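> Structure for this input, please:
(4 chains)
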Amino acid sequence: MELLYFARIREDIGQSSETISLPDTISDVSGLIDHLREQGENYQAAFKNETIIRVAVNQTYVDFDHPLVDNDEIAFFPPMTGG
Amino acid sequence: MELLYFARIREDIGQSSETISLPDTISDVSGLIDHLREQGENYQAAFKNETIIRVAVNQTYVDFDHPLVDNDEIAFFPPMTGG
Amino acid sequence: MKVQVQDQDFDIAAEIKELCGERTDIGAIVTFTGLVCDFHGNDKVQKMTLEHFPGMAEKQLEKICHTATERWPLQGGTVIHRYGPLLPGDQIVLVVILSAHREAAFNAAEFIMDWLKTNAPFWKKEQTSKGTHWVEAKDADLIKTKGWKE
Amino acid sequence: MKVQVQDQDFDIAAEIKELCGERTDIGAIVTFTGLVCDFHGNDKVQKMTLEHFPGMAEKQLEKICHTATERWPLQGGTVIHRYGPLLPGDQIVLVVILSAHREAAFNAAEFIMDWLKTNAPFWKKEQTSKGTHWVEAKDADLIKTKGWKE
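A predicted model of the protein is given here:
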């Protein structure tokens, strides 16, 4: 599973992408966020406030209860500020 | 008094401007239009349908009951279609 | 705001450049360009002639620009309206609005265009395959103008 | 509609020309240009960096353009969004919309801008005299986007 991080979340975590294997116990975005939070303080900081986290699975916006499969590309980023 | 005609009204009347002396009996735009209608068929055609006549006195839009004085500049034209 | 009534064509890029110069405090630029369209109803338009009331045309455009600057926080603007003979594809009117806020820029540009259509003394005469005729004012334009008078 | 996400600058006149070509059936062109403004709140902005999600950014812009063409009678359009380091006064985003009808052109351009602000994956980081910070999303933008969902 490919994870992509953008903007503040990328900076908090300290890298822009990583590849992980989806643990069997995780079935949705929410579970993945909980799992990532256990990976260190940088992840805890990145995912501290869920109201300012947006998620895209395979480049489509999804809610936190969206189901995941191991070959998904998951992108985490803050609310957009383009334009 | 200077009279100016634009667009369809100018074409109906056959000239773009003329100078007249305001008859004593005429006190407003409506009276002036009635007076002009007596000047010939071209004026009758020009002022036939009052709903599509607009009037400006000294370059300011006015209603038909606007009072007139002899040194006013009166412009008659159809509804605007610029832009 | 700059108002010009002219028979010559205009250049949108040059007008924007003149307005912005070296300014760095502008957030949004909205432009509207009106063109001679080659169809009117079912008739092919071959030519258009724009008549105007010199003096009053400028005065009315300045009035609407003044109203727009009082109503929205604008940083500048330009309105150019042409007159004379035009061909399909030719530019007729240009509105450029600068503002720190995009909503203000959009609103002011649309307001100026709506108001100009029904209050600036210009008249269009079209030449089609069926002859020439004065373009009739649209009720829809009058309704749009009134919509701004909240 | 043409969608481009690029680090290079763009030229509004060239984009209009490319869209219109020799067409004579266009009645209205509305453009929106977003610029880097040198003030944000009380802080002087020295630099801005735009980060984006390559691939998804284009996809989202294409989606909104598609929605706009379904919603209004448009004759063409271009959306360009830049990324990378920018300075105050630099151009960030361009929307050009062609239509036979001015109201459709205004609405589509404003709709695309509103939607883009909250749905296209771009993030602004500003460098001010007080340091660098990520620009926070505005609630007002989210409300504006929702306003279009009639």
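> quick one: contacts for the residue in chain A that chain D sits nearest to?
Nearest residue of chain A to chain D (Cβ to the nearest Cβ) works out as residue A:82 at 2.7 Å. In this view, the C-beta of every residue, glycine as well, is placed from N, C-alpha and C. Residue A:82 sits next to D:50, D:52, D:81, D:92-93, D:116-117, D:120-124 when contact means Cβ atoms under 8 Å, 6 or more residues apart in numbering or on different chains.
> JSON lines for these, including pLDDT?
Listed next are the contacts of residue A:82 as JSON lines, based on pLDDT from 0 to 100:
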{"residue": "D:50", "pLDDT": "98"}
{"residue": "D:52", "pLDDT": "98"}
{"residue": "D:81", "pLDDT": "98"}
{"residue": "D:92", "pLDDT": "98"}
{"residue": "D:93", "pLDDT": "98"}
{"residue": "D:116", "pLDDT": "96"}
{"residue": "D:117", "pLDDT": "95"}
{"residue": "D:120", "pLDDT": "97"}
{"residue": "D:121", "pLDDT": "98"}
{"residue": "D:122", "pLDDT": "98"}
{"residue": "D:123", "pLDDT": "98"}
{"residue": "D:124", "pLDDT": "97"}
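> what's the helix or strand for residue C:146?
helix C:139-147 (DSSP states H and E).
> And that helix, what's buried?
C:141, C:144-145 (16 or more other Cβ atoms under 10 Å in any protein chain shown).
> quick check, nearest of the residues you listed to chain B?
Looking across the buried residues of helix C:139-147 and measuring by Cβ to the nearest Cβ, the closest to chain B is residue C:141, at 8.1 Å.
> dump the residue contacts of residue A:62.
Counted by Cβ under 8 Å, 6+ apart, residue A:62 has contacts A:29, A:55-56.
> Flag every residue of chain A that's near chain C.
Within chain A, the positions near chain C by Cβ under 8 Å from any Cβ of the partner chain are residue A:83.
> what about residue 54, how many neighbours?
Going with chain A. Using other Cβ atoms under 10 Å in any protein chain shown, residue A:54 has 17 other residues around it.
> try chain C instead
By other Cβ under 10 Å, neighbour count at residue C:54 equals 9.
> pLDDT wise, what is it at?
Model confidence at residue C:54, given as pLDDT, is 98.
> Tell me the secondary structure at it.
coil (DSSP: H, G, I helix; E, B strand; the rest coil).
> How about the backbone phi and psi for the nearest residue to residue C:62 once chain neighbours are set aside?
Spatial nearest neighbour of residue C:62, excluding adjacent residues (Cβ to Cβ, 6 or more residues apart in numbering or on different chains): residue C:3 at 5.1 Å. Backbone geometry at residue C:3, expressed as degrees, to the nearest 10, gives phi -120, psi 130.
> Count the neighbours of the residue of chain A found nearest chain B for me.
Of all residues in chain A, the one sitting closest to chain B is residue A:83 (28.3 Å; Cβ to the nearest Cβ). Neighbour count of residue A:83, defined by other Cβ under 10 Å: 23.
> before we move on, back to that, for the residue of chain A closest to chain D, give me the backbone phi and psi.
phi -80, psi -170.
> longest helix anywhere in chain A?
In chain A, assigned by DSSP state H, the helix with the most residues is helix A:29-37.
> Which other helices and strands does that one contact?
helix A:41-46 (3 or more Cβ pairs under 8 Å, 6 or more residues apart in numbering or on different chains; DSSP states H and E).
> which residues touch the helix it packs on?
A:5, A:8-9, A:12-14, A:36-37, A:76.
> need the next SSE after that helix, C-terminal direction.
Counting by DSSP H and E, what follows helix A:41-46 is strand A:54-57.
> now that following strand, how far from the centre of its chain.
7 Å (Cα atoms, centre = their mean, to the nearest Å).
> and the residue of chain A closest to chain B, helix, strand or coil?
coil.
> Can you give me every residue that contacts it?
Applying Cβ under 8 Å, 6+ apart, the residues near residue A:83 are C:102, D:34, D:81, D:92-93, D:113, D:116-117, D:120, D:122.
> wait, which of those is closest to chain A?
residue D:122 (2.7 Å).
> most distant residue from the middle of chain C?
Computed with Cα atoms, centre = their mean, the residue of chain C farthest from its C-alpha average is residue C:130, at 27.7 Å.
> give me the beta-bridge partners of the closest residue to that residue other than its chain neighbours?
Leaving out its chain neighbours, the residue that sits closest to residue C:130 by Cβ to Cβ, 6+ apart is residue C:43, at 5.8 Å. Residue C:43 has the following beta-bridge partners by DSSP bridges: residue C:40.
> quick one: contacts for residue C:43?
With Cβ under 8 Å, 6+ apart, residue C:43 has these contacts: C:126, C:128-130.
> ok, now residue C:95?
Residue C:95 touches C:31-32, C:77-79, C:109, C:112-113, counting by Cβ under 8 Å, 6+ apart.
> With residue C:127 instead?
C:45-49.
> With residue C:129 instead?
C:43-44, C:46.
> now the contacts of residue A:82 as CSV including secondary structure and distance to residue B:25?
Converted to CSV, these look like this (DSSP: H, G, I helix; E, B strand; the rest coil; distance: Cβ to Cβ, whole Å):
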residue, secondary structure, distance to residue B:25
D:50, strand, 73
D:52, strand, 76
D:81, strand, 69
D:92, strand, 67
D:93, strand, 65
D:116, helix, 65
D:117, helix, 65
D:120, coil, 70
D:121, coil, 76
D:122, strand, 72
D:123, strand, 76
D:124, strand, 72
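> what's the farthest-apart pair in the residues you listed?
D:92 and D:121 (14.6 Å; Cβ to Cβ).
> Thanks again, I'm all set now.
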